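Novice: What follows is a predicted structure for the sequence shown.
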Amino acid sequence: MTKRVRKAVLPVAGLGTRVLPGAKTTPKNLLNVVDRPILSYVVEEARAAGIEHFVFITSRGQGAIEDYFDANPEIEGALEAKGRTAILEDVRRDLGKPGQMSFVRQMAPLGLGHAVWCARDIIGDEPFAVILPDMLMMAKTPALAQCVAAYEKVGGNIIAVEPAPEGETHKYGIVALDGQDGRLNRMVGMVEKPPLGTEPSNLFISGRYILQPDIFPLLENQGKGAGGEIQLTDSMVELMKAQDFHALEYEGTTYDCGDKIGLLRANVAFALARPDLADAARAAITALL
């Protein structure tokens, strides 16, 4: 019987260089999509998948992330006194319950693999999710919930993937599959940014993972890889020698909010998906064309 996925690691320590100067004083994952920060959507997605404990991997200058998920008695008291109950509910919707959120300093920008490794003591001997908050996913069934359902079906390790834009597989980590039948397929490898024409598939790793804790000792001894950083994919390739990995082509749309145009697209898409804002958003967009 597979252990339930209860914990998630959210690496949020990046500098947000692709969205500067907006991320100079505001952590990039607190930049707004419509009227909520990116992290609000990601945490909501994780909660819908059954996640009970969130481990944020932070760095210096990102205390605002911890503050966002904490109570603010001054704001809440003022809203309550004025009877602004709808706004008050919105403010309180993301608050963490006591003990539900942990914040770990990465200390140095040594790569995604190192960031995940920093969560080892909190995760312990449990399967866990990794969520890249830059990648905001819009889906009828939340993306991580799709991954959890796949995990409960086949166990092992699950990697969410999606088709790369035509001619752009060389920009991504691409998975190699042991045949392709439907949306859930066994993986036999991963290639980071393969030269065009050499890619083993057109499916790239899109920011949601379910991993077994056996990855931690591999990460601890993992040397630096691409970009001089400790790469999560290197340890996943090593773990694949001993455990099953499956790629899930999830159903939905991904917006890369670590990119200026991706963040713009997310704002437009999520505004148009809001019943209370869709008409006004569409009129505003049309007026600019």
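Specialist: Perfect, I can see it now. Numbers count the residues shown, from 1 in each chain.
Novice: Let's verify the nearest residue to F69 once chain neighbours are set aside: helix, strand, or coil?
Specialist: Leaving out its chain neighbours, the residue that sits closest to F69 by CB to CB, 6 or more residues apart in numbering is G96, at 4.5 Å. In short, each C-beta sits where N, CA and C put it, glycine included. The three-state label given to G96 by DSSP: H, G, I helix; E, B strand; the rest coil is coil.
Novice: check contacts around the nearest residue to M240 once chain neighbours are set aside.
Specialist: Residue nearest to M240 in three dimensions, not counting chain neighbours: M187, with 6.8 Å by CB to CB, 6+ apart. M187 makes contacts with 159, 175-178, 240, 245-247, as judged by CB atoms under 8 Å, 6 or more residues apart in numbering.
Novice: Can you give me the distance of M187 to K193?
Specialist: Distance from M187 to K193, counting by CB to CB, to the nearest Å: 17 Å.
Novice: quick one: the strands in the stretch 1-150 of the chain?
Specialist: 7-11, 32-33, 36-37, 53-58, 101-105, 128-131, 135-138 (DSSP state E, counting those that start in this stretch).
Novice: Can you name the residues in contact with the longest one?
Specialist: Read it as strand 53-58. 6-13, 43, 46, 65-66, 96, 99-106, 115-116, 118-119, 122-123.
Novice: try 6 Å this time
Specialist: Here strand 53-58 makes contact (CB atoms under 6 Å, 6 or more residues apart in numbering) with 7-13, 100-106, 115, 118-119, 122.
Novice: In the stretch 1-150 of the chain, mark out all the helices, start to finish.
Specialist: Along the stretch 1-150 of the chain, the segments classed as helices by DSSP state H, counting those that start in this stretch run 38-48, 63-68, 73-81, 85-92, 112-117, 120-123, 143-154.
Novice: again with the stretch 151-289 of the chain
Specialist: Counting by DSSP H, counting those that start in this stretch, the helices of the stretch 151-289 of the chain are 215-220, 232-239, 260-272, 278-288.
Novice: Now mean neighbour count, distance to H53 and mean pLDDT too, for these, in JSON lines please.
Specialist: JSON lines is the format used below for the helices of the stretch 151-289 of the chain (neighbours: other CB atoms under 10 Å; distance: least, CB to CB, whole Å; pLDDT from 0 to 100):
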{"stretch": "helix 215-220", "mean neighbour count": "19", "distance to H53": "16", "mean pLDDT": "93"}
{"stretch": "helix 232-239", "mean neighbour count": "21", "distance to H53": "20", "mean pLDDT": "91"}
{"stretch": "helix 260-272", "mean neighbour count": "17", "distance to H53": "26", "mean pLDDT": "94"}
{"stretch": "helix 278-288", "mean neighbour count": "11", "distance to H53": "35", "mean pLDDT": "95"}
